[in-house]
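Novice: 3D, please:
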Amino acid sequence: QVQLVESGGGLVQPGGSLRLSCAASRNSFRLYAAGWYRQAPGMEREFVASLPEEGDAADYAPSVKGRFTISRDNAENTLYLQMDSLKPEDTAVYYCNVAPALRLGTRLEYSYWGQGTQVTVAS
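Specialist: A predicted model of the protein is given here:
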């Protein structure tokens, strides 16, 4: 079992920046792929960005590519999402997820989710 705790959300003006963090409870964090997902009111949860277990071959949703940067610090068991040039349409609850690569984004066994952190982009 891996517990995940997100932080760093809040209210920001359009064009602003936020940095989300996701702290994992176990050193096994380094063995998992990791990703960020978001869910806006009345919408399905959607993929934002992901990293594999090893290396830095990040994958991004087209809507955030060039504005968001995903990174991980395996020594600190932490996943990050740097969000720049934020837009009102980025408003959502952001969730981190760690899992074996083929289970990332699923609710299958060994796919772990945090409780979410609210990001609101408004003037």
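
Novice: so what's the residue nearest in space to the middle of the chain bridging to?
Specialist: By CA atoms, centre = their mean, the mean C-alpha position of the chain lies nearest to residue 36, the distance being 2.3 Å. With DSSP bridges as the criterion, residue 36 is bridged to residue 49, residue 96.

Novice: how near is it to residue 123?
Specialist: 24 Å (CB to CB, to the nearest Å). (C-beta placed from N, C-alpha, C; glycine too.)

Novice: one more: residue 18?
Specialist: From residue 18 over to residue 123 (counting by CB to CB), the distance is 15 Å.

Novice: when the two are compared, which one has more neighbours?
Specialist: residue 18 (21 against 8; other CB atoms under 10 Å).

Novice: give me the beta-bridge partners of the more buried one?
Specialist: residue 83.

Novice: so for it, what's the pLDDT?
Specialist: Residue 18 is assigned 98 on the pLDDT scale.

Novice: just to check, it is in contact with residue 11?
Specialist: No - look at residue 18 against residue 11 with CB atoms under 8 Å: they stay out of range, at 9.4 Å.

Novice: returning to what we had before: which residues sit in contact with the residue nearest to the centre of the chain?
Specialist: 20, 22, 48, 49, 50, 70, 79, 81, 94, 95, 96, 97 (CB atoms under 8 Å, 6 or more residues apart in numbering).

Novice: can I get those in JSON lines with distance to residue 103 and neighbour count?
Specialist: Formatted as JSON lines, these follow (distance: CB to CB, whole Å; neighbours: other CB atoms under 10 Å):
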{"residue": "20", "distance to residue 103": "22", "neighbour count": "24"}
{"residue": "22", "distance to residue 103": "17", "neighbour count": "27"}
{"residue": "48", "distance to residue 103": "17", "neighbour count": "24"}
{"residue": "49", "distance to residue 103": "17", "neighbour count": "22"}
{"residue": "50", "distance to residue 103": "12", "neighbour count": "22"}
{"residue": "70", "distance to residue 103": "18", "neighbour count": "23"}
{"residue": "79", "distance to residue 103": "16", "neighbour count": "29"}
{"residue": "81", "distance to residue 103": "20", "neighbour count": "25"}
{"residue": "94", "distance to residue 103": "20", "neighbour count": "23"}
{"residue": "95", "distance to residue 103": "15", "neighbour count": "21"}
{"residue": "96", "distance to residue 103": "14", "neighbour count": "28"}
{"residue": "97", "distance to residue 103": "9", "neighbour count": "25"}
